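Student: only the shape, not the letters, is given here:
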């Protein structure tokens, strides 16, 4: 009799265990799905340009980075006073170049090709990574001048894949080597847009200027940026989408000839693309 009761107790325990296990499995599955959903939402917020901040009640709220960026650029535009030079020396939007070919009026340390960029009008000189580009003409720049151009960017992920693009001036017009900064390969000054670091660096090997400032670059994964440069004697001014990022002496009186260059990033990730167009050089 005792043996029979013991057997019945064991069978009841097994049946109860089998009934409870599905309940536990369902509970843990729901918990896992909830966690995964929360993580996915956080990732989506980051990729869409949002960040979270803790409110006074301790609840995380979404903050739009683009709204802050808009205010930043609107404020800068109020004091924008750049005036292009009156005597046009060179203008190039690559409309006369065949798609797929290197631009006729430019030379390079590697290669490049005139292409279309999604969402943007016109043609653009698409830059190859680790490559420098200069105007073919060996005529030195005047003492006082302005340069304007647009930079096109297209990343399949975010701005981190765009790396850093730089432009500035060198002592010669030799395009056989990559100019990485103001200190190598006869460079004089450089402005570097650090898409991955969300900052701008300006440097001069002659006046020893070297400064870095934060800049809201998250919104440039796909789009364009207008660059305006004014050089008057020893002083250089640089504007990025109407934001003045440089205004100080970058040259010496003894500097001599200056030649413009633009250098592509060391590396472009995940098939990211970067190029420039609408180039205008004018004397003051």
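Tutor: Yep, it's here. Just so you know, these numbers come straight off a predicted model, no measurement behind them.
Student: contacting residues for the closest residue to residue 143 other than its chain neighbours?
Tutor: By the measure of CB to CB, 6 or more residues apart in numbering, the closest residue to residue 143 outside its immediate chain neighbours is residue 233, 6.5 Å from it. Placement of C-beta: from N, CA and C, glycine included. Shown here is residue 233, whose contacts under the criterion CB atoms under 8 Å, 6 or more residues apart in numbering are 143, 144, 251, 253.
Student: among those, the buried ones, what's the PyMOL command?
Tutor: Applying 16 or more other CB atoms under 10 Å to these leaves a buried subset, and the PyMOL line that selects it is:
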select buried, resi 251
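Student: need the contacts of residue 233 in TSV with pLDDT, can you?
Tutor: As requested, those are exported to TSV (pLDDT from 0 to 100):
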residue	pLDDT
143	97
144	98
251	98
253	95
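Student: strands - which of the contacts of residue 233 land there?
Tutor: Filtering these for membership in strands, criterion DSSP state E, returns residue 144.
Student: out of the contacts of residue 233, who's nearest residue 154?
Tutor: Ranking the contacts of residue 233 by separation from residue 154, with CB to CB as the measure, puts residue 251 on top at 33.9 Å.
Student: so residue 246 bridges to which residues?
Tutor: residue 238 (DSSP bridges).
Student: now do it, the pLDDT please.
Tutor: The model reports residue 246 with a pLDDT of 98.
Student: wait, isn't it in contact with residue 191?
Tutor: Yes - the pair residue 246 and residue 191 passes the contact test of CB atoms under 8 Å, sitting 6.4 Å apart.
Student: now the common contact residues for these two.
Tutor: By the contact definition CB under 8 Å, 6+ apart, residue 246 and residue 191 are jointly contacted by 202, 238.
Student: about what we covered before: turn the contacts of residue 233 into a markdown table, including distance to residue 117.
Tutor: Putting those into a markdown table (distance: CB to CB, whole Å) gives the following:
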| residue | distance to residue 117 |
| --- | --- |
| 143 | 35 |
| 144 | 32 |
| 251 | 33 |
| 253 | 41 |
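Student: among the contacts of residue 233, which two are most distant?
Tutor: Farthest pair in the contacts of residue 233 (CB to CB) is 144 and 253. Separation: 13.6 Å.
Student: low-confidence ranges, the chain, go.
Tutor: In the predicted model of the chain, residues 1-65 satisfy pLDDT under 70.
Student: helices along that one, start to end?
Tutor: Along the chain, counting by DSSP state H, helices occupy 2-47, 65-77.
Student: tell me the buried residues in the last one?
Tutor: By neighbour count with 16+ other CB under 10 Å, helix 65-77 contains the buried residues 69, 76.
Student: now do the same end-to-end measure for stretch 134-144.
Tutor: Start to finish, the residues bounding stretch 134-144 are 19 Å apart (CA to CA, to the nearest Å).
Student: look up how far residue 207 lies from the closest residue to residue 253 other than its chain neighbours.
Tutor: When the adjacent residues along the chain are set aside, residue 253 lies closest to residue 234, with 6.4 Å between them (CB to CB, 6+ apart). In this structure, residue 234 and residue 207 are separated by 8 Å, where distance is defined by CB to CB, to the nearest Å.
Student: mind listing the shared neighbours of these two?
Tutor: With contacts taken as CB under 8 Å, 6+ apart, residue 234 and residue 207 have 249, 250, 251, 252 as neighbours in common.
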